[in-house]
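Engineer: Pasting a predicted model and its sequence here:
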Amino acid sequence: SNLSLVDILHSIFMHPGKPVLIKHHPLRPFLYATYQEILKPLIVRGYVDQILDQGIDCTTSILSRDEIAHVHLTGALSTSNAIKETLRRAKPHLEPSEVRDMVTSELGCSTPCIITPGIYSKTELLHLVQNILTAKKINSGSNCVGMQGIILPESWEQKDEFREILYKELQNTKTDPCYYPGSKERVEEFVEKYGGKDSNLVTEVVGPMVVKSTFNEVDNDKKYDATHDIHPHVIECGVFGTSEYNDYAIKNEAFGPVLAIVELPDVAASTVSKTTGDENIQYLLHSAIPFVNNKDNIFGSLSCILMYPQKYIRNSDSMREVISQLNYG
């Protein structure tokens, strides 16, 4: 994607003297010609070069070269770990900490959407749901900032109404095909972790699909394949802290059409500050924010969404305090 272009320019101009080799994603060889034009002044001067993906063996060979001093990737945690392991084997004289320092990564995230309790109008609830679906359904959830976990309070009186609107909008909103390799298998794995498709914890929401005339823009002879039509699956993780709670769906990145719902228990009375008198703000500060900040609870820290009713627009100081406590971005 265009993220690599930003990374290239950052490396060249913020760390001068270090030439950059770009290896394009196997799904995006079409970027090669475009980058050749955009980066031509740097390429002809020897600062930048690029190659297409040629498989794991070729990548391993490149990583094993003495000239490689740093690797940056946008991708999965498993890819980052594989790169570190390759570097460790190629450079046995380095300490583990030195190998780790050679790799920087923009990994994915089980992006949480924190719902502030309170009274929402029907229009606000619909707007909330539509924001969630926009963040989830684009590219069928195959985005590193794709929304994955809905975090709501167990005692929120509108949670059933919210779910009703969520399912209705899921049924009516088109879903992009799962273009990314492994998406279908990951969805199936998530579903199995919650008892399979017949479990009352899993709901496959069947709705319209976006049909592409050609699935692969590079190979125009490869027509659209309906096996990439994977409908969104909503998974109920349960109430955090209870024996039935299952956090697999937020501790692992789906990179596909999975929505996980987590309910958080009420804030203990002893933790509520008497200065604000707003139980909803206290829920955010003492329950929701600590939950998502703790990486034992949820994967990643790249992106986060905070939704709240209109009344808190007039209470911006409290919301600024809440946002400042989020360890995301």
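Structural biologist: Noted; the coordinates are in hand. The structure displayed is predicted, hence computed values, not measured ones. Residues are numbered from 1 along each chain as shown.

Engineer: C-alpha from now on. contacts and neighbour counts both.
Structural biologist: Will do.

Engineer: And the strands in this structure, which stretches?
Structural biologist: For the chain, strands defined by DSSP state E occupy the ranges 20-23, 48-51, 71-75, 103-107, 111-115, 147-153, 202-204, 233-239, 258-264, 305-307.

Engineer: In JSON lines, list these along with mean neighbour count, distance to residue 132 and mean pLDDT.
Structural biologist: Converted to JSON lines, the strands of the chain look like this (neighbours: other CA atoms under 10 Å; distance: least, CA to CA, whole Å; pLDDT from 0 to 100):
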{"stretch": "strand 20-23", "mean neighbour count": "18", "distance to residue 132": "33", "mean pLDDT": "94"}
{"stretch": "strand 48-51", "mean neighbour count": "16", "distance to residue 132": "37", "mean pLDDT": "95"}
{"stretch": "strand 71-75", "mean neighbour count": "17", "distance to residue 132": "23", "mean pLDDT": "89"}
{"stretch": "strand 103-107", "mean neighbour count": "16", "distance to residue 132": "21", "mean pLDDT": "86"}
{"stretch": "strand 111-115", "mean neighbour count": "24", "distance to residue 132": "8", "mean pLDDT": "96"}
{"stretch": "strand 147-153", "mean neighbour count": "25", "distance to residue 132": "7", "mean pLDDT": "95"}
{"stretch": "strand 202-204", "mean neighbour count": "20", "distance to residue 132": "17", "mean pLDDT": "96"}
{"stretch": "strand 233-239", "mean neighbour count": "21", "distance to residue 132": "12", "mean pLDDT": "97"}
{"stretch": "strand 258-264", "mean neighbour count": "24", "distance to residue 132": "9", "mean pLDDT": "97"}
{"stretch": "strand 305-307", "mean neighbour count": "17", "distance to residue 132": "9", "mean pLDDT": "94"}
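
Engineer: Tabulate those strands in JSON lines, adding columns for distance to residue 290.
Structural biologist: Formatted as JSON lines, those follow (distance: least, CA to CA, whole Å):
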{"stretch": "strand 20-23", "distance to residue 290": "38"}
{"stretch": "strand 48-51", "distance to residue 290": "43"}
{"stretch": "strand 71-75", "distance to residue 290": "26"}
{"stretch": "strand 103-107", "distance to residue 290": "21"}
{"stretch": "strand 111-115", "distance to residue 290": "12"}
{"stretch": "strand 147-153", "distance to residue 290": "12"}
{"stretch": "strand 202-204", "distance to residue 290": "27"}
{"stretch": "strand 233-239", "distance to residue 290": "15"}
{"stretch": "strand 258-264", "distance to residue 290": "11"}
{"stretch": "strand 305-307", "distance to residue 290": "14"}
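
Engineer: Of all these, which one comes closest to residue 248?
Structural biologist: Comparing those by their distance to residue 248 (CA to CA), the top pick is strand 233-239, with 7.9 Å.
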